[in-house]
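> take this sequence and fold it.
(3 chains)
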Amino acid sequence: MERSFIAKNPSVLWFLLGLAGFTIVITILSEASGAALISTSFVKTLGKTLCLCLVAIAMDVVWGYCGILSLGHFAFFGIGGYAIGMWLMYARTEDIVIASLENATLPPTPDEITNAIGTQIFGVVGSSDFPMIWAFSHSLTLQLLAVALVPGLLALVFGWLAFRSRVTGVYLSILTQAMTLALSLYFFQNDTGLRGNNGLSGLQNIPGLEAVSQATLSLWFFWASAFALGVGYVLFAWITAGKLGSVIRAIRDNEARVRFLGYHVESYKLFVFTITAIIAAIAGALYYPQAGIINPAEIAPIASIYLAVWVAIGGRGRLYGAVIGAAVVSLMSSWFTGGKAPDINLGFYVIGWTDWWLVLLGLTFVAVTLFFPKGIGGLFDLLQPRKGDAP
Amino acid sequence: MINRKTLLASLCATSLFALSTVAHADCAEPVKVGVLHSLSGTMAISETTLKDTMLMLIEQQNAAGGVLGCQIEAVVVDPASDWPLFAEKARELLTVNKVDVIFGNWTSVSRKSVLPVIEELNGLLFYPVQYEGEESSRNVFYTGAAPNQQAIPAVDYFLEELGVEKFALLGTDYVYPRTTNNILEQYLQDKGIASGDIFVNYTPFGQSDWATIVSDVVALGEDGKQVGVISTINGDANIGFYKELAAAGISADDIPVVAFSVGEEELSGLDTTNLVGHLAAWNYFMSAESDANTAFIEAWQAFAGEGRVTNDPMEAHYIGFNMWVAAVEAAGTTDVDAVRAAMYGQEFPNLTGGTAVMLPNHHLAKPVLIGEITADGQFDIISQTSEVRGDAWTDFLPASAVLVSDWKNLGCGMYNTETETCVQLTSNY
Amino acid sequence: MRHTILALMILLGTALAASAQTLQSILQAHGEEIASPSRNSVGVALGDIVASGLPQTTDFLEQWAEKNVWQRDDGMFFIGAEGEGLLTLTDIDTGAQSADASAEYYQLKPNGGVRRVIGTALVQFQLLDPDLTRRETAVASIARRPEAAQLAPLMASIDGEVDADLKARKIQLANFLSARFAESPMNRIAAINSLATDTSVEARAVLNQILTKSPGVSDRAPDGNIAAILDPFIDPDRSYAALVAANLAPARQSAADIKEALEANIIGGRIADLPVAQMDDPANRAAAYAALAARGAVPTLVTDEARNAALSAHVFYELYATPNADITTAAATALASVETRVASAQAVDLTLDALSLASIFFLAAIGLAITFGVMGVINMAHGEFIMMGAYTGYVVQLFIPNYTVSIVVALPLAFAVTFAAGVVMERLVIRRLYHRPLETLLATFGISIALQQIAKNIFGTQARPLTSPDWLAGAFVVNDVIRISFIRIAIFAMALIFLALILYILKRTRLGLEVRAVTQNPGMASSMGINPNRINMMTFGLGSGIAGIAGVAIGLYAKVTSEMGSDYIVQSFMTVVVGGVGNVWGTLAGAAMIGFGQKGIEWLNPSNTLAAQTYMILFVILFIQFRPKGIVALKGRAAGD
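A predicted model of the protein is given here:
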């Protein structure tokens, strides 16, 4: 079975080989290995990019393969980040508090420790009580479960309601966007207990690993991200390859016809919607410890639209397309806005890329939609004539 | 224009001088100053001004001979109002560009993003904006106002001078208004204001629908007490708020409004004729009368363009940068630990008169000014205190009243005076 | 040398002046206080100035309050007017004019509190002044700081008042003052009773002031005008705190107090024979404290039982400051009746606010109702058309300084600009994507971010002013509770006009007929001789143009920034979807639902507007799940899919 799957999908093998090679090269060049040809901050950027690639292939499956243009998958990504961030903050603060109370005259009661942690975490946003939502934050296991379960359940309930009511097409997109907006506003409120606009910060300091330098830590996260991307890629390739994949694509092309053939379309859509949400959350849980901070701006509706943009530019309906799109656009974004791109002097006007990059991106995007619906991935079709299943 | 040309000329002259004395071993490389302000995204408007301020200050300093006989080179990066990007860019500045000091950040969340990086790599950051306090980092000098340097004096002014008995605390829903209002609520209750006489409201960023809130505020006056509004409303939302206030015909004589986030820049988006008499509290107003201020405004307008306004965070950078230069000269090196030790007790004249002093808690002692909005978008200074010492941990919240920050003598930013222990050496982020 | 002579002369002058009782001499006597006055201490100086009875007093006080008084380095005061580095000075006593360089002078800036005190001092001079503005100022000053002494002069001035409006105001104000300060209780009660129908904030303030009460606690019921006897067990801890504050009971021990007491009693690593190491258990701490208390080392713990016993043994009451019970009863009755009226007025006001919010949502969404609702095109750049309209208004105001004219010009111009932009976009992008609606969404999103960034590059990220003309600046005031700004009324009217206009175009014109035909069946329509391309272009242009006009309106009431469009885009789509696609009435219903819903939630939780928005969106999501076709659902074939 496994062999035939790889044989049927040679691109998976190539992708895994490429990813492994890339990981090895970066590892050798990194600061942690001693070569120090690549700075730690660049390793972090690459690690984060791999996480973005992972959420992009999830988006590709739900949109490119199943035809659901979800404008909410980046919100699931963010929820994953929040879930892991809560443990990171709690555990780090607990260490600090216990250390600071070590020399107290009286040994602290559990209540005093909890209160001190609360003041430490929420004093910043002008409060000190521990909100209910942090009930499990002391346990890494429970929060790791939350990474998968919270977005999974949310996607399940939302999807069940929406698909059951046969909300489809652009209406579903608008509905998912409304969900994203509601979520980001919810996270934004201080009363929610997730530190409002400040979000969770200092996530790059992993409790228990204080002795490990950021150079090494960044490499570990890079490996973890690469591994997650590899596993996610194989998982999605497997889902989209077999009979299941055929049904999913059929739903994209003509939902009514699939329903008439006797398939329970809603279940398939719900499955795809939920599994991709969970993978997106896992990507988020890997991303934010590398970014160091998560706050509600990360899950604003526009982030989810950008996700769709990456997939469209990379090429829908092929997983490697999504990877290419996410990697190329996000790396180019950071290159152009980083002030490293040379400005173009037209004599009468200087085009500064920090100002004009978004204009270029927007227009490129229009052009891709209009003229290259297959995206960058479509170029591979030119190399090997006739193969692939893009719409 | 002439000003700029002469500046350029002197710049050329000094760089020639630098070339000719290149044998001076110390100056193999110029001193590098990182500028970490958003040049794009939502915060660009506020922060671009600060980036330009830094460039101007560096240009002036280079014309005056640089520091330690070396030229200063500005390394400008754009974190694009993206909070995680602040951390990434700060790491880049410190490890790739190897800057000696960073001047940057505006929002609290961006500062919280940068803190762990700066502390890990032992960098040095000068933060120029008024903020909520409750933080002290070994690696950050806070040149903006702490709550006791802005909010508390303004409330005192309301209580003493305007006789306000009932308070509406209106703010945008984020950390600065939340913490400030928490402190103020406690402070007002300590001053004998009943908790029923304090109305608190939070609105989202960019709020535009203010009708209901303004009528709520008007209704506060129904028990015959003098009502005053303390506004920590941020940015664009102020426009809708003041427009609604003006439409409701609320004059400063009836219900005075004091704002902590409205400066000269923000007023330029408004017709202020209906707002005359409403208040703002800062450590600096463009209308301050002093020779240093006149010179600063002239230099700024020559550098950035006619008609540009100056504001409080610009003064903070002006003081911070000059103090840093003096500290480097005093330490004889740009090494962070040496410079930090030399920073304590540094003095530099304020643009508003008087002298700013760097305290061991990394805050400044600065005067607090209260200004009334005038019809031309400026502020009429009607009250100026003597220098107030910035306090990292507010005395008005029980949890932080026991904390002090003293990096010079105690070597700790979060020292619990009750248990006499250092809670932590890193800052809380 | 010359300076000393000058100083001498000035001294001499001052001495001379003092004997003749000039205003300047009085001011010099209070020099410090006049130069930097404070609300609480300026009264003395002000009393002396007023008591002098000099004719120039009024003028000086007025100029002082308006920040027109300057002090020379030597301490002398002048009335001055600044211009071009030169100061035109007027002598306070003689009125003699002179000019001097402003460098030696310091402008006095009395703060708002001091200005109010000055205003009160001026009342007696201004109340009978022939100048109407001055009399109005005096009346306003009384309203701001009502004092008992003002009642008589105010009453006396009523008969001579020639201005009808001011006379009415004076009578009203006299009534307020009588209610609070009149000598005879009869007069007070009469005045109070007349306030029972007055919903103004001032009237309520008068009644509330009369009803000022202070809480107290004692072991038996006190004498005096008791407002209420309170039940201490509603909030026992707070009541007990009052008891402690009155020195009637020992303070309770907080967890921190107990901890401190324990720490103070550590003897050889043990507290009352319990090892310190066990103190991480709250139960052990309590045991240790109890043991200490038994030894008399610390005060006994105040238990809940002890607290309750103390509370039961005392009377908690509220006492009116006004001793006369008849007056307070009358005031309480009047206030109760006022408050019923206020509550209903507040309901009306809330409805008006909701209506206004709904009309803003409707105006923002109405363009979408056409492009999305009727044509089915997802235009994510709709918000940017709103933004373009608003910036058009701003640019027009740069060139046309008259606000009224500029608005009149800006409205059609905004329509023209966004109509053109819409047509261009339709031709270049949307036309190619009619069969791929999801991709229209993405392509228009690309246009949206590009337009937003271009606006930023041109206008900067700072908000730009768009000022409404004076006749739109105020508010329509029914009473102190019900009021709505004119600009909101204008937006409401505009929304109605557009509703009528669009209904007319769609239902009654040739274009509307063709639009409906093309949307229902483009193939059939084109075979009937309708050019679908032209119709689509026109319709899209129309929808975009209306967005542009909406932009001017929204910019007038809120702000003009490059990001203003994104504030409205999600809301607008939800408005259209929740109302029911393909129907303008549906959009109206959607806007009404969201507007009223949001205000309703805000009313339930007035301190958190953000929560109201969040829950409103959640509600809309759920609503759509259960009614996917919206409020006004199309039936039959027109519904399509």
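
> residues in contact with the residue of the stretch 151-300 of chain C found nearest chain A?
Closest approach between the stretch 151-300 of chain C and chain A, counting by CB to the nearest CB: C:D280, at 4.0 Å. From N, CA and C alone the C-beta is placed, and that goes for glycine too. By CB atoms under 8 Å, 6 or more residues apart in numbering or on different chains, C:D280 lies in contact with A:L106, A:P107, A:P108, A:T109, A:P110.

> now the residues you listed as a markdown table including secondary structure and pLDDT?
A markdown table is the format used below for these (DSSP: H, G, I helix; E, B strand; the rest coil; pLDDT from 0 to 100):
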| residue | secondary structure | pLDDT |
| --- | --- | --- |
| A:L106 | coil | 83 |
| A:P107 | coil | 86 |
| A:P108 | coil | 87 |
| A:T109 | coil | 87 |
| A:P110 | helix | 87 |
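
> the residues you listed also near chain C: which ones?
A:L106, A:P107, A:P108, A:T109, A:P110 (CB under 8 Å from any CB of the partner chain).

> quick one, grab the pLDDT at the closest residue to the third one other than its chain neighbours.
Same thing as A:P108. For A:P108, ignoring the flanking residues on the chain, the nearest one in space by CB to CB, 6 or more residues apart in numbering or on different chains is A:L101 at 4.7 Å. We have a pLDDT of 83 for A:L101.

> OK, contacts around A:L101?
A:L101 touches A:P108, A:E112, A:I113, A:A116, counting by CB under 8 Å, 6+ apart.

> now the helices for the stretch 251-391 of chain A?
Counting by DSSP state H, counting those that start in this stretch, one finds helices in the stretch 251-391 of chain A at the ranges A:255-260, A:265-291, A:301-314, A:319-337, A:353-371, A:378-383.

> enumerate the residues of the stretch 351-500 of chain C near chain A.
Checking the stretch 351-500 of chain C against chain A by CB under 8 Å from any CB, the hits are C:378, C:380, C:429, C:432-433, C:437-439, C:441-443, C:445-454, C:456-457.

> at 7 Å what do you get?
Residues of the stretch 351-500 of chain C found near chain A (CB under 7 Å from any CB of the partner chain) are C:378, C:429, C:432, C:437-439, C:441-443, C:445-447, C:449-450, C:453-454, C:457.

> of all the contacts of C:D280, which two lie farthest apart?
Using CB to CB, these span at most 13.1 Å, a distance reached by A:L106 and A:P110.

> tell me which of these two has more neighbours.
A:L106 (21 against 10; other CB atoms under 10 Å in any protein chain shown).

> assign the residue of chain A positioned farthest from its centre to helix, strand or coil.
Centroid-distance maximum for chain A: A:T105 at 46.8 Å, with CA atoms, centre = their mean. The local conformation at A:T105, judged by DSSP: H, G, I helix; E, B strand; the rest coil, is coil.

> what backbone torsions are found at it?
Main-chain dihedrals, A:T105, degrees, to the nearest 10: phi -60, psi -50.

> distance across stretch B:145-159, terminal residue to terminal residue?
One end of stretch B:145-159 to the other measures 21 Å (CA to CA, to the nearest Å).

> rounded mean pLDDT for that stretch, please.
93.

> for stretch B:29-36, same thing?
Per-residue pLDDT over stretch B:29-36 has a mean of 92.

> could you do stretch B:390-400 as well?
88.

> quick check, that stretch touching chain A?
Yes - among the residues of stretch B:390-400, B:A399, B:S400 lie within reach of chain A under CB under 7 Å from any CB.

> what does the stretch 251-391 of chain A put close to chain B?
A:A291, A:G292, A:I293, A:N295, A:A297, A:T337, A:G338, A:G339, A:T354, A:D355.

> and the third one, what pLDDT?
According to the model's per-residue confidence, A:I293 sits at a pLDDT of 93.

> contacting residues for it?
Counting by CB atoms under 7 Å, 6 or more residues apart in numbering or on different chains, A:I293 touches A:G199, A:L200, A:S201, A:L203, B:W83, B:P84, B:A87, B:K112, B:S113.

> list the ones among these that fall in helices.
Secondary structure assignment by DSSP state H places B:W83, B:P84, B:A87, B:K112, B:S113 of those in helices.

> between the residues you listed, which has the most around it?
B:S113 (32 neighbours).

> pretty sure it sits against B:P84.
Yes - contact between B:S113 and B:P84 holds when scored by CB atoms under 7 Å: they sit 6.4 Å apart.

> intersection of neighbour lists for the two?
In contact with both B:S113 and B:P84: A:G292, A:I293, using CB under 7 Å, 6+ apart.

> which parts of the stretch 51-200 of chain B are helices?
Counting by DSSP H, counting those that start in this stretch, the helices of the stretch 51-200 of chain B are B:83-95, B:108-120, B:151-160, B:175-190.

> JSON lines for the ones you listed, including distance to C:Q97?
Below are these laid out as JSON lines (distance: least, CB to CB, whole Å):
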{"stretch": "helix B:83-95", "distance to C:Q97": "60"}
{"stretch": "helix B:108-120", "distance to C:Q97": "54"}
{"stretch": "helix B:151-160", "distance to C:Q97": "36"}
{"stretch": "helix B:175-190", "distance to C:Q97": "48"}
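
> tell me which of the ones you listed lies nearest to chain C.
Closest approach to chain C among the helices of the stretch 51-200 of chain B (CB to the nearest CB): helix B:151-160, 6.9 Å.

> what angle do the closest one and helix B:175-190 make?
Using axes from the mean of the first three to the mean of the last three CA atoms, to 10 degrees, the direction of helix B:151-160 lies 40 degrees away from that of helix B:175-190.

> what is helix B:151-160 packed up against?
Judged by 3 or more CB pairs under 7 Å, 6 or more residues apart in numbering or on different chains; DSSP states H and E, helix B:151-160 is in contact with helix B:175-190, strand B:364-373, strand B:379-389.

> pull the longest helix from chain C.
Chain C, longest helix under DSSP H: helix C:325-368.

> avg pLDDT for the helix or strand just after that helix?
The helix or strand immediately downstream of helix C:325-368 is helix C:382-399, counting by DSSP states H and E. Averaged over helix C:382-399, pLDDT sits at 94.

> quick one: contacts of the one helix or strand B:G34 maps to?
B:G34 belongs to strand B:31-36 when assigned by DSSP H and E. The contact list for strand B:31-36 (CB under 7 Å, 6+ apart) reads B:51, B:54, B:58, B:67-68, B:70, B:72-77, B:79, B:86, B:89-90, B:93, B:97-105, B:334.
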